[in-house]
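*Asks:* Let's see this in three dimensions:
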Amino acid sequence: MNTDHFRKKLEVELDTLETELKTVGVLGADGSWSAKESDLNLDSADINVLASAEENFENNSAILGTLEKRYRQVKAALERISENKYGLCKVCGEPIEAKRLEANPAAETCEKDMR
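*Replies:* Numbering: from 1, shown residues only. Got it, this is the predicted structure:
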């Protein structure tokens, strides 16, 4: 298997995910992401502005959750490449189908063991 091909695909996706994460979140010292909060002056903002800021924060949180999940999957796939474990199903240990890896380079299971 040409892991260099998949490493490149995963690295490009990781860069894209990091860029997108930075638009809605902030990376903490512990390596976890948290949604960006509004930089409003809460003491002087009117109720409509506060409601809008709250809605924006909730949207950022939802987007952040999805992006962070994929970010972790991509990082784990890159780790599997460096450990020479890439392309093997985590359930049965058999090789993951090439077409599945092309569609999702971070796949952890073969088609038979998809959940």
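
*Asks:* On the three-state scheme, Asn48 is what?
*Replies:* helix (DSSP: H, G, I helix; E, B strand; the rest coil).

*Asks:* Relative to Glu54, how far out is it?
*Replies:* Plainly put, Asn48 is 11 Å away from Glu54 if you go by CB to CB, to the nearest Å. C-beta here means a position set from N, CA and C on the backbone, and glycine is covered the same way.

*Asks:* Which one's more surrounded, the two?
*Replies:* Shown here are Asn48 and Glu54; by other CB atoms under 10 Å, Glu54 has more neighbours (12 against 8).

*Asks:* For the more buried one, list the residues it contacts.
*Replies:* Applying CB atoms under 8 Å, 6 or more residues apart in numbering to Glu54 gives no contacts.

*Asks:* Go through the one helix or strand it maps to and flag the buried ones.
*Replies:* Using DSSP states H and E, Glu54 falls within helix 47-82. Applying a neighbour-count criterion of 16 or more other CB atoms under 10 Å, one finds 53, 60, 63-64, 67-68, 70-71, 73-74, 77-78, 80-81 buried in helix 47-82.

*Asks:* I'd like the distance from the worst-scoring helix or strand of the chain on mean pLDDT to the chain centre, please.
*Replies:* Here the helix or strand of the chain ranked lowest by mean pLDDT, DSSP states H and E is strand 33-35, holding a mean of 83. Relative to its parent chain, strand 33-35 has a centroid offset of 12 Å by CA atoms, centre = their mean, to the nearest Å.
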